[in-house]
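In: Sequence first, then the predicted structure:
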Amino acid sequence: MEFTKEDFGEDFKWGVSTAAYQIEGAHNSHGKGLSIWDVFSQKRRAIANNHNGNTACDFYNRYSEDILLLHKLNIPNYRFSISWSRILPHGTGAINSKGVDFYNHVIDLCLELNIEPWITLYHWDLPHELEQKGGWTNREVIHWFSYFVDCCIRQFGDRVKHWMILNEPMVFTGAGYFLGVHAPGKKGLSNFLAAAHHAALCQAEGGRIIRSVRNDCKIGTTFSYSHIEPKNNTDKNVAAAIKVDALLNRMFIEPLLGMGYPDKELAILKRMERFMQPGDEGKLAFDMDFVGLQNYTREIVGYAPFMPFVKAKIIKADKRKVERTLMNWEIYPPSIYHALKRWNEYPGVKEIVVTENGAAFSDELVNENVQDVDRVNFLQDHIEQVLKAKKEGVEVSGYFVWTFLDNFEWAEGFHPRFGLVHVDFETQKRIVKASGNWYREFIKQSLLKEIPDALP
Ligand code: IFM
């Protein structure tokens, strides 16, 4: 490794990311309402090995030890999400004070230990009661979501200065409302386009609400992004790659930047008009302080005449016989560099934070040790690409590893482990992996407060 943390400058933000449903557990404790993931994960065969997030990492009960562990790992920034149905069990209306207390404790402990809390408002766990009314396909979601955002910024905005509105809208609308492989398990183009349009409106509206309540917060939102290449340079494959790129990489960021949906490249998006109302084009735009990049791989795309709507398909990493992670995602560090360079070209993008990057490997626990050399290499190689982009003038100001603890990986259950810290899901014991120790040394902060005595 031929770079150090100092090469990124003093203000660069280093951190880790998590999400409520993936770690909290306590799915029905202390007045929490059910979310779509609580319900979906009970369906037979919805999740690999019939796993569910009822307990997950039990972070709800163990947050103090876990935040102390973050401190011990020298991690100065912690990104987590708020479980909407924990603070608003019915989605709107009455606030569950116990839920609010929980996030207050998390935030206050972080601040006490000099860890900056970063909040993601929506990381996929819609209250079930709202899904019963149509969820993201119902335009009313804009009011429900606005109520939730307003509630969060008023409860926590005095102490939390970094906010992200949505986590990867392409993934939760695509997997949840088109393919049906994520909660709530809905399928079809109509569900997808309605959910996507309402999510795009919410990402901008959420920003407006936060800004109207407070003027001392940095507001962003996050997008998944995979660098896309055609399998070869024939016209058909190039055209296929352009369509997939419009769908996966441009569909949410461009309307936010006031550019509208990329329907010239992806004609199917013209059908979005069915869900548009007068004035929507303007409402899709919002001037974010930063955008969150979530990158894991690149995709190779080929022409596929029988694939509905896009006539294109992604050629998975195992078929190409390339180096890959346990998710069957190609290991391709330049993808993050290409993403940063491209986003930096958008006139409306002021600042980029890598809000997620990481990998699942088949970690082995031997004598209370996980020597996850693959993960250390993965992180180093990606961080190096971030530095390359930064040196070339890209306004990238932070990097967050996905993820702190091994956790519930959605439809894949607990099998793929992405954590810097190994979790034994039977005993809830945490063991810092070699990657966690490496990250701790890399981001060592002389300014962190002394580690308190009561460490786990
Ligand atoms: O675990 C997810 C996370 O919730 C969203 N981004 C991708 C991660 C790995 O799949």
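Out: Sure thing, it's come through. The shown structure was predicted, so the numbers you read here are calculated from the model rather than taken from an experiment.
In: Shouldn't Ala194 be within a helix?
Out: Yes: per DSSP: H, G, I helix; E, B strand; the rest coil, Ala194 lies within a helix segment.
In: what about the strands in the stretch 151-300 of the chain?
Out: Shown for the stretch 151-300 of the chain, the strands assigned by DSSP state E, counting those that start in this stretch span residues 162-166, 218-224, 227-230, 290-294, 298-303.
In: so where is the protein shaky, pLDDT-wise?
Out: 445-456 (pLDDT under 70).
In: So which residues on it come close to the ligand?
Out: Ala19, Gln22, Glu168, Gln294, Glu356, Trp402, Glu409 (Cβ under 6 Å from any ligand atom). Where you see a C-beta, it was placed from the backbone N, CA and C, and this is true even at glycine.
In: what's the third one in contact with, if anything?
Out: The neighbourhood of Glu168, defined by Cβ atoms under 8 Å, 6 or more residues apart in numbering, consists of Thr222, Phe223, Ser224, Gln294.
In: What distance do you get for it to Lys350?
Out: Glu168 is 20 Å from Lys350, where distance means Cβ to Cβ, to the nearest Å.
In: Repeat that for Phe102.
Out: Taken as Cβ to Cβ, the span from Phe102 to Lys350 is 33 Å.
In: Those two: which is more packed in?
Out: Neighbour totals were compared for Phe102 and Lys350, and Phe102 leads with 24 against 14 (other Cβ atoms under 10 Å).
In: Hmm, Arg62 and that one touching each other?
Out: No: with contact defined as Cβ atoms under 8 Å, Phe102 does not reach Arg62; the gap is 11.9 Å.
In: Name the residues contacting each of the two.
Out: By Cβ under 8 Å, 6+ apart, no residue touches both Phe102 and Arg62.
In: out of the residues of the chain next to the ligand, which are inside strands?
Out: Per DSSP state E, strands hold the following members of the residues of the chain next to the ligand: Gln294, Glu356, Trp402.
In: in the protein, which residue is closest to the centre?
Out: Against the mean C-alpha coordinate of the chain, by Cα atoms, centre = their mean, the closest residue is Asn167 at 4.3 Å.
In: any idea how far that one is from Asp424?
Out: In terms of Cβ to Cβ, Asn167 sits 27 Å off from Asp424.
In: Now do the end-to-end distance for stretch 317-330.
Out: End-to-end distance for stretch 317-330, by Cα to Cα, to the nearest Å: 5 Å.
In: List the contacts of whichever residue of the stretch 201-350 of the chain sits closest to the ligand.
Out: At 5.4 Å from the ligand, Gln294 is the closest residue in the stretch 201-350 of the chain, using Cβ to the nearest ligand atom. By Cβ under 8 Å, 6+ apart, Gln294 lies in contact with Asn167, Glu168, Thr222, Phe223, Ser224, Tyr225, Val354, Thr355, Glu356, Asn357, Trp402.
In: Hmm, Met164 is touching Leu121, no?
Out: Yes: between Met164 and Leu121 there is a contact at 6.9 Å, judged by Cβ under 8 Å.
In: mind listing the strands for the stretch 1-150 of the chain?
Out: Using DSSP E, counting those that start in this stretch, strands in the stretch 1-150 of the chain cover 13-17, 77-81, 116-122.
In: Tabulate those strands in a markdown table, adding columns for mean neighbour count and distance to Lys429.
Out: Listed next are the strands of the stretch 1-150 of the chain as a markdown table, based on neighbours: other Cβ atoms under 10 Å; distance: least, Cβ to Cβ, whole Å:
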| stretch | mean neighbour count | distance to Lys429 |
| --- | --- | --- |
| strand 13-17 | 23 | 19 |
| strand 77-81 | 25 | 21 |
| strand 116-122 | 23 | 25 |
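In: Distance to Glu323 added to those strands, as JSON lines?
Out: Rendered in JSON lines, the data for the strands of the stretch 1-150 of the chain read as follows (distance: least, Cβ to Cβ, whole Å):
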{"stretch": "strand 13-17", "distance to Glu323": "24"}
{"stretch": "strand 77-81", "distance to Glu323": "28"}
{"stretch": "strand 116-122", "distance to Glu323": "30"}
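In: Which one of those lies nearest to Arg159?
Out: The minimum distance between Arg159 and the strands of the stretch 1-150 of the chain falls on strand 116-122, with 7.3 Å, by Cβ to Cβ.
In: Can you tell me the strand partners of that closest one and which way each runs?
Out: strand 77-81 (parallel), strand 162-166 (parallel) (DSSP bridges).
In: what's in contact with that strand?
Out: Residues contacting strand 116-122 (Cβ under 8 Å, 6+ apart): 13, 15, 17, 19, 76-82, 84, 106-107, 110-111, 145, 148-149, 152, 156, 159-167, 202, 206, 222, 400.
In: cool, stretch 310-323 as well?
Out: 231, 240-241, 243-244, 247, 266, 268, 297, 299-305, 307, 324, 328-332.
In: List the buried residues for it?
Out: In terms of neighbour count (16 or more other Cβ atoms under 10 Å), stretch 310-323 has its buried residues at Val310, Ala312, Lys313, Ile314, Ala317.
In: Farthest-apart pair in the contacts of Glu168, please.
Out: So, those by Cβ to Cβ: farthest apart are Thr222 and Ser224, at 7.9 Å.
In: what about the strands in the stretch 301-450 of the chain?
Out: In the stretch 301-450 of the chain, the strands defined using DSSP E, counting those that start in this stretch lie at 312-314, 352-356, 365-366, 369-370, 396-402, 421-423, 430-432.
In: Direction included, what does the first one pair against?
Out: When you say that, I think you mean strand 312-314. strand 298-303 (antiparallel).
In: contacts for the strand it pairs with?
Out: 226-231, 234, 236-237, 239-241, 244, 248, 311-315, 320, 330, 332, 334-335, 338.
In: Grab the nearest non-local neighbour of His162.
Out: Trp118 (4.1 Å; Cβ to Cβ, 6 or more residues apart in numbering).
In: so what's the backbone phi/psi at the residue of the stretch 101-250 of the chain found nearest the ligand?
Out: Across the stretch 101-250 of the chain, the shortest distance to the ligand (Cβ to the nearest ligand atom) belongs to Glu168, at 5.6 Å. With angles defined as degrees, to the nearest 10, Glu168 shows backbone torsions of phi 40, psi 70.
In: Distance-wise, check it relative to Ser226.
Out: Taken as Cβ to Cβ, the span from Glu168 to Ser226 is 11 Å.
In: One more: Gly15?
Out: Taking Cβ to Cβ, one finds Gly15 at 22 Å from Ser226.
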